[in-house]
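1. mind folding the following:
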Amino acid sequence: MVYHDHTCTIKKLREELTRALMEVKDGNSVEGGIEGSLESFDQLVKEMTTKQQDIKSFAFKTKSMLSGMEQKVHSAKKRELMYWYLASRGVPKSLHCLCLKLAEEYAVNAMARSRLPTPEHVSRLADTSFHHVVLLTDNVLAASVVISSTVENAANPEKLVFHIVTDKKTYNPMHAWFAINSLKSAAVEVKGLHQYDWSEEVNVGVKQMLEIHRLIWSHYYNNLKEDDFEYEGENKNCLEALSPSCLSLMNHLRIYIPELFPDLNKIVFLDDDVVVQHDISSLWTLDLNGKVVGAVVDSWCGDNCCPGRKYKDYLNFSHSIISSNLDQDHCAWLSGMNVFDLEAWRRTNITTSYHKWLKLSLNSGLTLWQPGVLPPTLLSFEGQVHPIDPLWHVDGLGYRSSSAHGEILEAAAVLHFTGPAKPWLEIGSPEVRRLWNRHVNFSNSFIRKCRILG
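-> All right, here's what the predicted structure looks like:
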């Protein structure tokens, strides 16, 4: 009889608790609100025992406490992600130091001002039988890793000719680094933008291009909502679009590569946030089937899996100008390790088309795409892309979690640290940063003086 009564009591309590929980679950508000809600289980027990409240009150108090805790966790996660993102926007003091030390060296050391490339290698600069690699960068350390990793893994490094284009403020440090740390086999040219003698038409085109990109960036920034500052899910694209690199002249100049190198017919373009792991010499013999650019389009991760992002991640398909020309689920080709047939490029109107799209964006309220160099590039190169093997280029290593691991990372010819966590920043994953760090010469006196650590 006692057992039966006990069972009935438990059943009654269970039904009452279930009913109270369902009422709280279906309710639109928390009794008493979130403010002043209990913050620990001990407080909850004390509240219930001292005031002898019923089960319904217990359910409401529990919901209030859990809701408050969820909000605090969400807020803390949001702040942590924002701090992580903001940390990716700065330039480390050690990199500033490196540029300053090298600029000083350029001023006082004749060797740091010596000719690049050396006189015996000058003829290679326009010799199309050599393998020409182009970098547009203002990051000395990054450029050194790209070049050292490419040379170290090259089957025939003496065939390589590197063309570094940089801005005026970085020219002296960049020149000093490669003059002092000269390569015995490959040739390296360092050229500042101030050393180019461009036509008035090109100068005007570059200025207009930068101004429209600045307007797109400003429009996007001014229309951001508070929810856009959550660095997770789809919202992370919003913050990445506000990266300073979206306004970088060095990034946008790639559309003028044929004008930068009028004597070359085929080049491999490398971003400064890549590291080369295998010999890439066969890229220069790839048949692009008449297309202008060779790029990774399909992915190593299987069918229906893009190597990077889809068109809809860059372009605004609510505009008929975009939706009538493109498929939003089409994979965007990867930029940052590309083969360019400059002769084929010169036979097309790609650069003109690029400027046409910029003007269309300007006349369409600056809302055709997110800020950045890639959206108008995707549009202007449409139909001119030749897919290459996915293992030539694996990207996404600058994100918190990369889908590429183990064998894929080792097999990839070029690893690309797309995303906020660049390899020279401490916020990146140690696992992938080590793949980049092994090509940094930590015994170099300038590296040591500026305390650049792996």
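2. and residue 134, what element?
-> strand 131-136 (DSSP states H and E).
3. please apply the same query to residue 163.
-> Assessed by DSSP H and E, residue 163 sits inside strand 160-166.
4. and for residue 72?
-> helix 55-89.
5. next helix or strand past that helix?
-> As assigned by DSSP H and E, the chain's next helix or strand after helix 55-89 is helix 93-108.
6. could you give the average pLDDT over that next one?
-> Averaged across helix 93-108, pLDDT comes to 97.
7. list the buried residues in that helix.
-> 95, 97, 98, 99, 101, 102, 103, 105, 106 (16 or more other Cβ atoms under 10 Å). In this view, the C-beta of every residue, glycine as well, is placed from N, C-alpha and C.
8. got the contact list for that helix?
-> With Cβ atoms under 8 Å, 6 or more residues apart in numbering as the test, helix 93-108 has contacts from 112-113, 139-141, 170, 172-177, 180, 424, 446-447, 449-453.
9. show me these that map onto helices.
-> Among the contacts of helix 93-108, the members falling in helices (DSSP state H) are 140-141, 170, 172-177, 180, 446-447, 449.
10. among the residues you listed, who's most crowded?
-> Using other Cβ atoms under 10 Å as the neighbour test, the ones in helices among the contacts of helix 93-108 are led by residue 174, with 30 neighbours.
11. from the buried residues of helix 93-108, which single one is nearest residue 287?
-> Relative to residue 287, the closest of these is residue 95; by Cβ to Cβ it sits at 39.7 Å.
12. turn the ones in helices among the contacts of helix 93-108 into a markdown table, including distance to residue 292.
-> Converted to a markdown table, the ones in helices among the contacts of helix 93-108 look like this (distance: Cβ to Cβ, whole Å):
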| residue | distance to residue 292 |
| --- | --- |
| 140 | 30 |
| 141 | 31 |
| 170 | 29 |
| 172 | 34 |
| 173 | 33 |
| 174 | 28 |
| 175 | 31 |
| 176 | 35 |
| 177 | 32 |
| 180 | 37 |
| 446 | 39 |
| 447 | 38 |
| 449 | 44 |
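13. now stretch 127-139: how far from the chain's centre is it?
-> Stretch 127-139 sits 21 Å away from the centroid of its parent chain (Cα atoms, centre = their mean, to the nearest Å).
14. again but with stretch 339-352, I slipped
-> Averaging C-alpha coordinates over stretch 339-352 and over its chain gives two centres that are 25 Å apart (Cα atoms, centre = their mean).
15. again with stretch 412-427
-> Mean-position distance between stretch 412-427 and its chain equals 8 Å (Cα atoms, centre = their mean).
16. gap between residue 62 and residue 272?
-> 53 Å (Cβ to Cβ, to the nearest Å).
17. comparing those two, which shows the higher neighbour count?
-> Between residue 62 and residue 272, counted using other Cβ under 10 Å, residue 272 has the larger neighbour count: 23 against 19.
18. quick one: that one is in a helix?
-> No: per DSSP: H, G, I helix; E, B strand; the rest coil, residue 272 lies outside any helix segment and is coil.
19. phi, psi for it please.
-> Torsion angles at residue 272 (phi, psi; degrees, to the nearest 10) stand at phi -80, psi 0.
20. likewise residue 144?
-> Dihedral angles for residue 144 - degrees, to the nearest 10 - are phi -60, psi -40.
21. check which residues of stretch 256-266 are buried.
-> Within stretch 256-266, the residues that count as buried by 16+ other Cβ under 10 Å are 256, 257, 258, 259, 260, 261, 264, 266.
22. once you drop chain neighbours, what's closest to the fourth one?
-> Residue nearest to residue 259 in three dimensions, not counting chain neighbours: residue 202, with 5.8 Å by Cβ to Cβ, 6 or more residues apart in numbering.
23. any idea how far the helix or strand harbouring that neighbour is from the chain center?
-> Using DSSP H and E, residue 202 sits within helix 200-222. In terms of Cα atoms, centre = their mean, the centre of helix 200-222 is found 21 Å from the chain centre.
24. which of the buried residues of helix 93-108 lies closest to residue 8?
-> Set against residue 8, the nearest of the buried residues of helix 93-108 by Cβ to Cβ is residue 95 (73.8 Å).
25. which strands and helices sit next to the helix holding residue 202?
-> Here helix 200-222 touches helix 249-252, helix 350-363, going by 3 or more Cβ pairs under 8 Å, 6 or more residues apart in numbering; DSSP states H and E.
26. mean pLDDT for those helices: which is lowest?
-> For the helices and strands packed on helix 200-222, where the average pLDDT is lowest is helix 249-252, sitting at a mean of 92.
27. quick check: buried residues in it?
-> Within helix 249-252, the residues scored as buried using 16+ other Cβ under 10 Å are 250, 251, 252.
28. can you classify the nearest residue in space to residue 413 that is not next to it in sequence as helix, strand or coil?
-> Once flanking residues are discounted, residue 413 sits nearest to residue 278: 4.5 Å by Cβ to Cβ, 6+ apart. Secondary structure for residue 278, judged by three-state DSSP, is coil.
29. touching, residue 278 and residue 155? I think so.
-> No: Residue 278 is beyond contact range of residue 155, at 9.6 Å (criterion: Cβ atoms under 8 Å).
30. so those two - more neighbours on which side?
-> For residue 278 and residue 155, the more surrounded residue by other Cβ under 10 Å is residue 278, and the numbers stand at 18 against 10.
31. who's in contact with that one?
-> Contacts of residue 278 by Cβ under 8 Å, 6+ apart are 153, 412, 413.
32. one more: residue 316?
-> 322, 367, 368, 369, 370.
33. ok, residue 355 next?
-> Counting by Cβ under 8 Å, 6+ apart, residue 355 makes contact with 205, 208, 209.
34. next one: residue 143
-> Per Cβ under 8 Å, 6+ apart, neighbours of residue 143: 135, 137, 164, 174, 177, 272.
35. check residue 170 too.
-> Counting by Cβ under 8 Å, 6+ apart, residue 170 has contacts 99, 138, 139, 140, 192.
36. work out for me the element residue 148 sits within.
-> Assigned by DSSP H and E, residue 148 falls within helix 140-152.
37. for that helix, output the C-alpha coordinates as CSV.
-> What follows is helix 140-152, C-alpha atoms only, in CSV (Å, rounded to 0.1, in the frame of the first residue of the first chain):
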residue,chain,number,x,y,z
VAL,A,140,58.2,41.4,-47.3
LEU,A,141,58.1,38.3,-45.1
ALA,A,142,55.2,36.8,-47.0
ALA,A,143,57.0,37.3,-50.3
SER,A,144,60.1,35.7,-49.0
VAL,A,145,58.1,32.6,-48.0
VAL,A,146,56.4,32.3,-51.4
ILE,A,147,59.7,32.5,-53.2
SER,A,148,61.8,30.3,-50.9
SER,A,149,59.1,27.6,-50.8
THR,A,150,58.8,27.7,-54.6
VAL,A,151,62.5,27.5,-55.2
GLU,A,152,63.0,24.8,-52.5
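38. so which bits of it are buried?
-> Within helix 140-152, the residues scored as buried using 16+ other Cβ under 10 Å are 140, 141, 142, 143, 144, 145, 146, 147, 148, 149, 150, 151.
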